[in-house]
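A.B. asks: need a 3D model of the sequence below.
(chains A and B)
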Amino acid sequence: MARERERDPGVETVSSVCDSSWALFFILKNKYLLEPCASGEIVVNEVSFVRKCIGADSSHGDLWGKLICTNFKVSFITHDALPKQRFQVANRLLGEHDVPLACVEQVVTVNDAKGKQKVLCSNQKLKFNPTELILYCKDFRIIRFRFDEAGPQSAKKVCLAIAHYSQPADPQLLFGFEYVGKQYYGSLVNGVDPGGGLQMPLFDRPSEWDREIKRTGASEWRVCSINEGYVVSPSLPEYVVVPVSLADQDLKQYLCFFTAHRIPLWCWNHPNGSALVRMASISDPLQQRKLDQRICSAITKSHPQRSDVLKSDLDKNLPNIQDIQAAFVKVRHICVIEPFEESEEKWLSSMESSRWLEYVRAFLKHSAEVVYLLEGKHVSVILQEEEDRDLSCVVSSLVQLMLDPHFRSLTGFQSLVQKEWVMAGHRFLHRCNHLKKNDKEESPLFQLFLDCVWQIINQYPAAFEFTETYLTVLSDSMWIPVFSTFLFNCPQQRTENSMDFAKSKCIPMGEEKALRFPPVWDWSQQFTPKDQALFNNPMYVGKGATCVQNGTVKSFRRTKKNYSSTLRGMPSSLRNILMDGHDSLTLTRRNSLVPRLKPDFSQIREVVESPTERFFRDWVSRPADLQGMLIPQLLPSHLALWRLYFLRWVPEASIPKGGPVTAYHKLSQLADEVEKLQSQLRQYKGATPASTPTSNPSAPPSDHSRMYFKAGSTHEPSSIPEYLSSSFPFSPVGNMCRRSILGTPLSKFLNGAKTWLSTETLANEAL
Amino acid sequence: MKDVEVSAKPYWEIRVTKVAIAGSPRSTSTSRSDRSTHAAKTPYAMSSDNVSTSTEFSPELRGRPKAAAKVLRDSNKEEPQLLPKESVQDMAKDVTYICPYIGALRGTLTVTNYRLFFRCMDREPAFVLDLPLGVVSRVEKIGGASSRGEVSYGLVCKDIRNLRFAHKQMEDSLRKSIFEILMKFAFPVSNGLPIFAFEYGQVYPENGWKVYDAQAEYKRQGIPNESWRITKVNDHYEVCDTYPSNLVVPVNIPDEELKRVAAFRAKGRIPVLSWIHPESQATVTRCSQPMVGVNGKRSKDDEKYLQAIMDANAQSHKLFIFDARPSVNAAANKMKGGGYESEDAYQNAELVFLDIHNIHVMRESLRKLKEVVYPNIEESHWLSNLESTHWLEHIKLILAGALRIADKVESGKTSVVVHCSDGWDRTAQLTSLAMLMLDGHYRTIRGFQVLLEKEWLSFGHRFQLRIGHGDKNHTDADRSPVFLQFIDCVWQITRQFPAAFEFNEYFLVTILDHMYSCLFGTFMCNSEQQRVKEELPKKTVSLWAYINSQLEEFTNPLYVNYSNHVLFPVVSMRHLELWVGYYIRWNPRMRPQEPVHQRYKELLAKRAELQKRVEELQRDVTNRSASSTERAGSPTRSITPVQTFV
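C.D. replies: So this is what the prediction gives:
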């Protein structure tokens, strides 16, 4: 696949792209036939005879090659093969050892002879010749290069170039602009077509909002275009949905009272008529009450039952973006930076102290409570946040995922992210910190959201059309700076930057408002159709899934499940009988060998159940309808670490021939067989009784199977492929680890007596 | 419209209290137990706080009035469906069950010679609690008569539950309280009564006692061979009364020498073969500690014996001795005459301590775990609370030890000797787990039964003492969750290799539940000798008879039998997790599910349906083309039957 993208090896001078004042480096065309080169990509600097470290203990298995810094990525070109059988999903924009510059979190140079180490930033000087370069990546990889045999000066220059180019001074220096700009010069590039061929709404047109209104039956809501050309609010999309009872005139009157002129945005309508709305805070306290009333009354009027409106203040109930960033930094540190074995002993408490899972749970819980209001209380809900651009993105999308099965399909999910994140003005540029300018703005809200989605997938694995691989790849795509999805703070910024860039490069944009950045949803930019099959969940029970097939095969009846029916709430008379057990029952705990009874019972207190809790309990007691509402289980014991995402690059944590993928493998093969049978059946159906079948039903089915793993041939026994591991489809091989993992699994565990060993224990042992 | 107020508090407050919100009481086991309850054959519903009748109101049944009517009739019964030879001993109305999740429930309590059955009719559907008395560890009267004139009783259960009941004080003080009856039947051994397993006479199609045949199992391993023989020296349990009668020893050690070796090993538990590698001939052997003592006693016979074990494997000139204990504990044992092999005496042996703690530490750890998980989970400090129990850390050390053993045998082609102090707790954990990693046969349902019969039951893991079947002495220091830990370890491996085991989670839960239930004879007694003496195979039913009569329930549909595949689990806290489906199953907020398996079964059914349709159409086409003039190009031949995995 890499070869395909060599069409533009790119002979050009650096000066056309690089505003840097320092030395220019010229590139010879014929030297780079090996590596894939994306359109608009140019080589900045390179150094040969570089060693990429594979094992940490020894140089055994290390790879020799050339380290190259382009305006897009850090590339390592080698003829050596990795020491172990491996698998890694191939990205069309990147070679197997490549790291996009936007993915580089920190550049560390080391000179071990001098005992020096320096974190390199843009435009910095380096006083020593580096013997080693370590790249800490945003996707949790840690990659180490050695320069023992390399030219010291060239090595230094490459390090400086990487540091410089990974911290662009201006958004227009992000590679996406060059990448997209290229296509406007003649017919150079074929592919880039924003949304073209994509069967999903991007919500940049009024018609797409209209369709969403119709789909959800929100008849009392309308598309409003007062922000066309971003005239009233730069951070809002051009088209928003508002209650029909609010005229443009009213909105214009209200908007100045809202933070950043962000008037309430309609998100979604429940079939019962309740609406989910998001809104910024009201900046003028004097207007607050009046405005609140007006907005709420308008929303009430749009409800068929004229139900109430409740407001949920997200800022007060959820962690803020700095908290979330701090938790993410900690969890990442525990997972990938700390030495594997040292972190084992306190693993659980360290995880807890990172607070990441606590935050994941907080967002899921809050969203579930909003679900209760919409579904259980039939009221409309306003999510309110200061600027309505961070926490509300997470909560509104989670609520919709829980309530609307449409969003659990692949295109549905993508349209959800497009609607609640991209169009609603989530500051991807700042939150990703692509420019590495303001660390305070950096916050992994989107990753948090993906983790929340994963938790629901983990609990209801058949409810989503996509896999955890999809979520992981989506997160990684944030660090490939060519997609409109993750490059900007809001749609208006995209337009503005496009204009500026087009002007400076004399790009003829014609009638277009913005450059044609591909959305990340155009997955063909990154992956072959075969690899995209890794996104498909073989278990998915959806409308379009295997159950329904051109009306001939009856919808599949699910096997009987033994779930209890709803247990109703307990009469209050019963509650009164409750014994309060904790009064007289305290027993001293001196002898640890004597099990204690009474304290156990002291935990029984009066059971008071809130309506929300009762709603959840009722729901849990019924069989889950995967095409209906889904509420995640919120006990802390039921939230798990998303291992694929956090641990895929850690060699020691990788389970060879194991992990959930082994089940996925088996399921995919079976789902593939079912698909093949269905297509056979269709071919038979197509044949008219009088004639012989037009197409031979026994012909091999066309290769558009949804499944990555195909059903094996009849004679071949099904077995687990060697390359499967818990990291699949990623490979931890080549990522830095503290200890060598080559050889037997002996290195994988701990020794040493533990500290809790008491003298009492010893005495008992001798008994 | 409602005036919307923006206050500091959210509109709906998140009620985060330690007290559980009452949920519909359900659990993983519940759904399954329900299923089995109505499978007619089933001996015992793994009663959770809720169980049985409620399930019958599943949507499918609701649509069928007849079935529903029948169900309703059943659910109105106040008594449980009795098993053969089960009889009601006492019944009391107006008993209150204080459910930690739902609150107080008033109903009827029935005690039989096998179970406790509580039913609350005030609720719709009726609330049922059905638990075998075998799981009761302790019954305690709490406090005196309260103001309401009620007495309350607490039941501590072996399966991570505590139950609490209250009822009116008997006016007639001569009459025994139902709880006194309960105590009598919960602890039959202490009251001179037979354990229910000896009365239960259900007949199953298969005799579960025939699942394990030592000779057949050794034959499967290729034994006897040129290096190993089966000795009859322990036929009458004279050399070692806690060992089985069939022992595999090196060919060149005569029985007389075995007896001398036995004198040097604690309880006469000499090193014997557990498993042999089919290719390298490296072996896993097990024994008890050598009786070295403070003076460092040696035994030429024992040294020669270990040398013989090493020599039986031509691939390696080394022998690894894995002492499961922490080295300090092993050293402390010298005071009692025990100890460990000195490397001076055993020239080619290397001794490794695996740092696994003793039964007392494990019991304490489980006690702490129970406090953390039952009845409710403290939301804010879940992980650190879990860590403070050290439960997972113990699990990790056991798995790590087994992994080292498996790695030595598989990768190092080296024979290993495994022991702890007596060689019936930690040693059983280690050898059986290592064998599970090394040999795919043990990952099948029947193979796993063989593994338990062999490494645990025949080699004398003292189930009677460790569980305390029918014994009221709940503080007995011999009780310990050693076997539970082993099953937990197995579960951890199944999590890492979801397609490598023929059995599912329910199989493991069922084994544990029936280890306590005292319904089957399988886990009775402490050794093979005792089982023979008690005539267990004649007088009781084996758990395997029950399990093998409904294998479908216990089968993992994702199972792939890859032969010769050694499993090397990653023994790291990053992958170990608390077995929620066992320890937290009583919490009604837990939704029972095995959706992946469920979905796979659905797809299998769908495939079968599609295959049938394709075949039908194929036949049609063939018939048509046969009746027409041309026969060429018949699609029949070219459509290959679709591969079947299972």
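
A.B. asks: tell me the secondary structure for B:Gly107?
C.D. replies: strand (DSSP: H, G, I helix; E, B strand; the rest coil).

A.B. asks: which regions of the chain sit below the pLDDT cut-off?
C.D. replies: I went with chain A, as the question did not name one. A:1-37, A:55-58, A:82-88, A:185-197, A:542-608, A:686-704, A:713-718, A:736-767 (pLDDT under 70).

A.B. asks: hmm, I had chain B in mind actually
C.D. replies: For chain B, the ranges with pLDDT under 70 are B:1-78, B:143-149, B:169-175, B:591-594, B:628-646.

A.B. asks: again, only using 80
C.D. replies: Within chain B, the stretches with pLDDT under 80 are B:1-79, B:124-125, B:143-150, B:168-176, B:562-564, B:589-595, B:625-646.

A.B. asks: which other helices and strands contact the lengthiest strand in it?
C.D. replies: In chain B, with assignment by DSSP state E, the single longest strand is strand B:88-99. Secondary-structure packing of strand B:88-99 (3 or more CB pairs under 8 Å, 6 or more residues apart in numbering or on different chains; DSSP states H and E): strand B:103-112, strand B:115-120, strand B:162-168, helix B:178-186. (Each C-beta comes from the backbone N, C-alpha and C, glycine too.)

A.B. asks: looking at those, which is buried most?
C.D. replies: strand B:115-120 (a mean of 25; mean count of other CB atoms under 10 Å in any protein chain shown).

A.B. asks: that one pairs with which strands?
C.D. replies: Using DSSP bridges, strand B:115-120 pairs in its sheet with strand B:103-112 (antiparallel), strand B:127-132 (antiparallel).

A.B. asks: now the first one against strand B:88-99, angle please.
C.D. replies: Taking axes from the mean of the first three to the mean of the last three CA atoms, to 10 degrees, strand B:103-112 and strand B:88-99 form an angle of 160 degrees between their directions.

A.B. asks: how far is strand B:103-112 from where the chain is centred?
C.D. replies: 29 Å (CA atoms, centre = their mean, to the nearest Å).

A.B. asks: repeat for the shortest one
C.D. replies: Counting by CA atoms, centre = their mean, strand B:127-132 is centred 21 Å from the centre of its parent chain.

A.B. asks: ditto for stretch B:545-564
C.D. replies: Counting by CA atoms, centre = their mean, stretch B:545-564 is centred 15 Å from the centre of its parent chain.

A.B. asks: what's the end-to-end length of it?
C.D. replies: In stretch B:545-564, first residue to last residue: 28 Å (CA to CA, to the nearest Å).

A.B. asks: buried stuff in that stretch?
C.D. replies: B:545-549, B:553-562 (16 or more other CB atoms under 10 Å in any protein chain shown).

A.B. asks: so who does B:Ser415 touch?
C.D. replies: B:Ser415 makes contact with B:282-285, B:309-310, B:312-313, B:316, B:319-320, B:409 under the criterion CB atoms under 8 Å, 6 or more residues apart in numbering or on different chains.

A.B. asks: quick one, strands of the stretch 151-300 of chain A?
C.D. replies: Using DSSP state E, counting those that start in this stretch, the strands of the stretch 151-300 of chain A run over A:221-224, A:240-243, A:265-269, A:275-280.

A.B. asks: quick check, the last one touching chain B?
C.D. replies: What it means is strand A:275-280. No: against chain B, strand A:275-280 shows no contacts by CB under 8 Å from any CB of the partner chain, the least distance being 11.3 Å.

A.B. asks: what sits up against that strand?
C.D. replies: For strand A:275-280, using CB under 8 Å, 6+ apart, the contacting residues are A:218, A:221, A:258-260, A:262-270, A:295, A:299, A:302-303, A:370, A:374, A:380-388, A:392, A:396, A:399-400, A:424.

A.B. asks: regarding A:Ser59, what is its secondary structure?
C.D. replies: A:Ser59 - assigned by three-state DSSP - is coil.

A.B. asks: over to A:Trp64?
C.D. replies: strand.

A.B. asks: swap in the one 5 residues further on?
C.D. replies: Here A:Cys69 is strand, with the state taken from three-state DSSP.

A.B. asks: residues near the closest residue in space to A:Tyr165 that isn't next to it in sequence, how many?
C.D. replies: Spatially, and ignoring its direct neighbours in sequence, A:Tyr165 is nearest to A:Leu101 (5.1 Å; CB to CB, 6 or more residues apart in numbering or on different chains). By other CB atoms under 10 Å in any protein chain shown, the residues close to A:Leu101 number 27.

A.B. asks: quick one: buried residues of the longest strand anywhere in chain A?
C.D. replies: Secondary structure of chain A per DSSP E: the longest strand is strand A:43-52. Judged by neighbour count using 16+ other CB under 10 Å, the buried positions of strand A:43-52 are A:43-47, A:49-52.

A.B. asks: need phi/psi at residue 463.
C.D. replies: Using chain A here. A:Ala463 adopts backbone torsions of phi -90, psi -10, taken as degrees, to the nearest 10.

A.B. asks: show me what contacts the residue nearest to it when sequence neighbours are not counted?
C.D. replies: Nearest non-adjacent residue to A:Ala463, counting by CB to CB, 6+ apart: A:Leu626, 4.3 Å away. By CB under 8 Å, 6+ apart, the contact set of A:Leu626 is A:405, A:460, A:462-463, A:541-542.

A.B. asks: can you flag which of the residues you listed belong to strands?
C.D. replies: Those of the contacts of A:Leu626 lying in strands (DSSP E): none at all.
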